[in-house]
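Novice: with the input below, show me the fold.
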Amino acid sequence: MLETAKAVSGGVSAPASIGARLDRMPITPTHRRLTLVVGVGLLFDTFENNLSGTIAKVLQSDFGFGANELKLVLASAFIGQFFGSLLLGRIADRYGRRRAFLINLAIYSVFSLLGAFSPNAAWLIATRFLAGVGIGAEQTLSDTYLADVLPAAKRGRFIAWAYTLAFCGVPAVGFAALWLVPLSPLGVDGWRWLFVIGSLGSAVVWILRRRLIESPRWLASAGREAEAELLVSRMEAEVPSATPAAVAGGYTREEAGDASRPRLRDVLKPGLRRRTLMLWIFCALSVVGYYGFGALAPQILAAKGYGIVAGLGYTALSFLGYPIGSALSIPVIDRVERKTLVAVSAAAMAGAGLGFAHAGSATLVVVFGCVYTLCSNIFSSVSHVYLSEQYPTAIRATASGAAYSLSKLSAAALPFVLLPVLQAYGPGALFAVIAAAMAVLTVTVLALGDRTTGTSVDGARSR
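Specialist: The predicted model follows:
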């Protein structure tokens, strides 16, 4: 029989809250299943996110893009993601995490498939923008959902597992492009099949996610305590009776204290203002390092004199560092303070980027490319966990979506900022800009960020 945890207040014992019970629970089969389903969805998200950048040179050749069309193709999905992060984050807080998951997957599955039939640049730009509306919410919703359901002591580790699976999508798109681009299966250009793969994959994930449970924390915050109680009790029933568990027997209204409609301006309330400023600066700058390499690697290699096929090959090999880096974060992410790990990995990205810029041989290009992507995915995994821990349940998806939306807007601006630097001054100058952005990010997080490792996300309201 599970041990009943009691919280004592003023001499009267009260049942543990839904959040406290989830935090003290050991990992159950339900936790593992939810992490796997979320991770598979994120895999196709990263596949889609890196698709346009990976095949940009091919598209430029196929459609005869000029400089402006190329920038719009690279930026269009990120502009869509800006709107998706804002809109679907609010839907997740008002109507539930599960419903928002199904909406975002349906949007990007449909429009990614339509992108495969693009007859011209305008069609491609439009479908990438609309697919981006769905893609943009995926990481916000995934981080929010996993932060809701995972216990505090294991939250970082299991979110990192989800992203380790997710970032297999980056080398997958690299090697798929290397394989398919020179071919025309069934008389259809190889690059078009990449859009079909992404679309069909996300459709399969949509089917899997129909079986996701709703977040018990969200249900409690929305005043649906009986449903939250039922779900948590089912999870507790999976715990072996010999395992000390913290949870059974009811809930308090601690988490249902604000069941009003989530509002974006809530993130600027006293107690959250400094945290929000830090996160907005952090999100705006993080993509400079992360997508500055991922989206522009083929362009950088072309500037270094490598042809399209060779550039795709070296890019695909460099992308192997993404899942490796995420996997390496798993054993340390719950042991090292999050903001410290963010700062160290950002500094390592800056150093590896400068090495990549000045690499004089194909071997060094691949080595520094792998080191860069490895460090960037340690950075990315801990960043996702860190952002998911900042806000209370009732506004978590809305607030996180607002921060993410700035990262997408920043990513959309990258082709217009970094491509001219690359074309005018070369890879060295481009990575100097990236290093400067990482330096500002590091100082901001260390100076303004809170310590979050091992703390309850329900404590986000008062940190």
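Novice: tabulate the CA atom coordinates of the strand or helix carrying residue 284 in PDB.
Specialist: Under the criterion of DSSP states H and E, residue 284 resides in helix 273-294. Listed next in PDB are the C-alpha coordinates belonging to helix 273-294 (Å, rounded to 0.1, in the frame of the first residue of the first chain):
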ATOM      1  CA  ARG A 273       9.600  40.400 -14.100                       C
ATOM      2  CA  ARG A 274      13.400  39.800 -13.700                       C
ATOM      3  CA  ARG A 275      13.000  36.200 -14.700                       C
ATOM      4  CA  THR A 276      11.000  37.200 -17.800                       C
ATOM      5  CA  LEU A 277      13.700  39.700 -18.800                       C
ATOM      6  CA  MET A 278      16.400  37.100 -18.500                       C
ATOM      7  CA  LEU A 279      14.500  34.500 -20.500                       C
ATOM      8  CA  TRP A 280      13.600  36.900 -23.300                       C
ATOM      9  CA  ILE A 281      17.200  38.000 -23.700                       C
ATOM     10  CA  PHE A 282      18.300  34.300 -23.400                       C
ATOM     11  CA  CYS A 283      15.800  33.100 -26.000                       C
ATOM     12  CA  ALA A 284      16.500  35.900 -28.500                       C
ATOM     13  CA  LEU A 285      20.300  35.200 -28.400                       C
ATOM     14  CA  SER A 286      20.300  31.400 -28.000                       C
ATOM     15  CA  VAL A 287      19.200  30.800 -31.600                       C
ATOM     16  CA  VAL A 288      22.100  32.900 -32.900                       C
ATOM     17  CA  GLY A 289      24.400  30.200 -31.800                       C
ATOM     18  CA  TYR A 290      22.100  27.200 -32.300                       C
ATOM     19  CA  TYR A 291      20.500  28.000 -35.700                       C
ATOM     20  CA  GLY A 292      23.400  30.200 -36.800                       C
ATOM     21  CA  PHE A 293      25.200  26.900 -37.500                       C
ATOM     22  CA  GLY A 294      22.400  24.500 -38.100                       C
END
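Novice: now that helix: how far from the chain's centre is it?
Specialist: Centroid separation for helix 273-294 versus its chain: 12 Å, with C-alpha atoms, centre = their mean, to the nearest Å.
Novice: show me what that helix is packed against.
Specialist: If contacts are counted by 3 or more C-beta pairs under 8 Å, 6 or more residues apart in numbering; DSSP states H and E, helix 273-294 sits against helix 338-357, helix 362-388, helix 396-425, helix 427-448. C-beta here means a position set from N, CA and C on the backbone, and glycine is covered the same way.
Novice: for residue 115, which of those helices is the nearest?
Specialist: helix 396-425 (17.0 Å; C-beta to C-beta).
Novice: show me which positions of the closest one end up buried.
Specialist: Buried residues in helix 396-425, counted by 16 or more other C-beta atoms under 10 Å: 396-415, 418-419, 421-422.
Novice: now the angle between helix 427-448 and that helix, please.
Specialist: Counting by axes from the mean of the first three to the mean of the last three C-alpha atoms, to 10 degrees, helix 396-425 points 150 degrees away from the direction of helix 427-448.
Novice: average pLDDT for helix 396-425?
Specialist: Across helix 396-425, pLDDT averages out at 89.
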